[in-house]
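K.L.:
here is a sequence with its predicted model. Questions after.
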Amino acid sequence: MTLDFVIGHLSPAPWPGCQGGAVLVITMDAILPLKDKHIVLGICGGIAAFQIADLASKLTQAGAKVDCVLTESAAKFVAPLTFATVTGRPALTDADLWRHDLHVPHVTLGESANLLIIVPATANTIAKLAHGQADNLLTVTALAARCPIVIVPAMDGAMWSNAATQANVETLRARRGARHSHSAMAANTPKKNPSRTAGSCRRSSLIKRKYSRVRLNIILFARMLSMPSFKKQLFEQFARVGRALGSGHRMEILELLAQGERSVEALAALTGLSVANTSQHLQQLRRVGLVATRKEGLRVHYRLADPAVSELLGAMQRIAERQFAEVGRIVRSYLSAKDDLEPVSRAELLERAARCDVTIVDVRPPEEFAAGPLPGARNVPLGELEARRGKLPRGREVVAYCRGPYCLMSYEAVELLRRKGHKARRLENGLPEWRLAGLPVEQG
């Protein structure tokens, strides 16, 4: 079944940075009957994703049943919870593709939808659609869809004009056998009994004549960048990340995930929290895109969504140590008391490792070591160090490292080795900082 769907008026202001087209805006009075229609709204990772929640809300208010499907990148701009709130229905992400309680969600959506709108459609998603690539819930739903698909591209003007993007758009246009215009959509719309007033019919006819060649080549609600509230909306979204980090437990969880992927149960055991409490903290971090998931059977494994999360964590720690006297006092009174020697810098360790005059010891648990250690490091977990220290080469300094600058394991390892007559020092910081510096790490 095809919806009788009319595109609204043109904005006189072009989308900043885009070329070769007019700005298209969909308004409530231009969307014809939506009551009880099923619309799947596919949201990709573009800046305009902030405004699509308003579109989802308006479609819902008009009586449509709206299911929102977010790509992984889109969920970093706007949390799924936002769309669930305005539509009253769960927003779906890639993780839902593997949920055992949902029966083949992409097929269910594709078969039941009256219309699939992909907005903002990034160059990446357009390329995937053009070539039939189905590597996330949105693209696989598009392949399974039996309804009209409206694609609303949004990208930098140069990206839109690029020959590759234009070729992909032409591929999609040829495949659907229709142009991106109201007239093409209307041509494929089954005739219905007249239900509109003569005035509304004339207006619809006028829209068709006037805008029949308008391509949906610019993002919905494009004028948002000129709105005074734009920066307020943007900074409010940034603040959501800050609020998610406003918990010591969540900061500790992120530090553990910086070492490698872990299950909820493993994180609960390491932090001393209950599994339910740990899961709640992880959901908070996932909603703002700081962590990502992978499902294996009934278990969900979490990892940092981006290496930049480690940078953010480190920056927060450094600022706190410099600006909060209490943090500096704790570091000096506790950590400095355990080891007042200058740690080994990354540059020094690289140089000495090349000369083979140092023994590098990773004192983290075996599963963290397996995820990727420093080159040439040997794994001697702290709990086994006393028993295995005799196997360490004599006459060479031992450099111990662990999870980061505030990880106690390397301090305790160095303290133990010195008591037993070894020459030992710590590596400054830990594995995450080493990796962020672009230095080599062995693959687990």
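P.N.:
Yep, that arrived.
K.L.:
show me where the stretch 101-250 of the chain has helices.
P.N.:
105-112, 123-130, 137-144, 157-161, 163-176, 182-187, 198-211, 230-244, 248-257 (DSSP state H, counting those that start in this stretch).
K.L.:
go through these and pick out the most buried.
P.N.:
Sort the helices of the stretch 101-250 of the chain by mean neighbour count, taking mean count of other C-beta atoms under 10 Å, and helix 137-144 sits at the top with a mean of 22. C-beta here means a position set from N, CA and C on the backbone, and glycine is covered the same way.
K.L.:
that helix vs helix 123-130, what angle?
P.N.:
With axes from the mean of the first three to the mean of the last three C-alpha atoms, to 10 degrees as the basis, helix 137-144 and helix 123-130 are set at 30 degrees to each other.
K.L.:
which secondary structure elements does helix 137-144 sit against?
P.N.:
The contact analysis (3 or more C-beta pairs under 8 Å, 6 or more residues apart in numbering; DSSP states H and E) places helix 137-144 against strand 38-43, strand 65-70, helix 105-112, strand 115-121, helix 123-130.
K.L.:
the closest residue to residue 302 other than its chain neighbours pairs with what?
P.N.:
In space, residue 302 comes closest to residue 291 once its chain neighbours are excluded; the distance is 5.1 Å by C-beta to C-beta, 6 or more residues apart in numbering. On the basis of DSSP bridges, residue 291 is bridged to residue 304.
K.L.:
isn't residue 291 right up against residue 305?
P.N.:
Yes. Counting by C-beta atoms under 8 Å, residue 291 touches residue 305, with 5.5 Å between them.
K.L.:
higher neighbour count, those two?
P.N.:
Neighbour totals were compared for residue 291 and residue 305, and residue 291 leads with 23 against 19 (other C-beta atoms under 10 Å).
K.L.:
list the contacts for that one?
P.N.:
Contact analysis of residue 291 by C-beta atoms under 8 Å, 6 or more residues apart in numbering lists 254, 257, 282, 285, 302-305, 309.
K.L.:
CSV for the residues you listed, including pLDDT?
P.N.:
As requested, the contacts of residue 291 are arranged in CSV below (pLDDT from 0 to 100):
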residue, pLDDT
254, 95
257, 94
282, 95
285, 94
302, 95
303, 94
304, 93
305, 91
309, 92
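K.L.:
which of those sit farthest apart?
P.N.:
Across the contacts of residue 291, the longest distance by C-beta to C-beta is 13.2 Å; it joins 282 and 309.
K.L.:
show me this protein divided up by domain.
P.N.:
10-226, 230-309, 338-436 (automatic domain parsing).
K.L.:
please report phi then psi for the closest residue to residue 66 other than its chain neighbours.
P.N.:
Closest residue in space to residue 66, ignoring its immediate chain neighbours: residue 87 at 4.5 Å, by C-beta to C-beta, 6+ apart. With angles defined as degrees, to the nearest 10, residue 87 sits at phi -100, psi -20.
K.L.:
measure residue 87 to residue 430 for me?
P.N.:
Per C-beta to C-beta, to the nearest Å, residue 87 is found 43 Å from residue 430.
K.L.:
between the two, which one's more packed in?
P.N.:
residue 430 (25 against 21).
K.L.:
let me see the ranges of the strands in the stretch 251-400 of the chain.
P.N.:
Remark: strands assigned in the stretch 251-400 of the chain by DSSP state E, counting those that start in this stretch are 262-263, 291-296, 299-304, 358-362, 378-379, 397-401.
K.L.:
ok so, going back, what's the closest of the contacts of residue 291 to residue 413?
P.N.:
Residue 413 has its nearest neighbour among those in residue 257, at 22.4 Å by C-beta to C-beta.
K.L.:
how much space separates the closest one from residue 251?
P.N.:
Residue 257 is 11 Å from residue 251, where distance means C-beta to C-beta.
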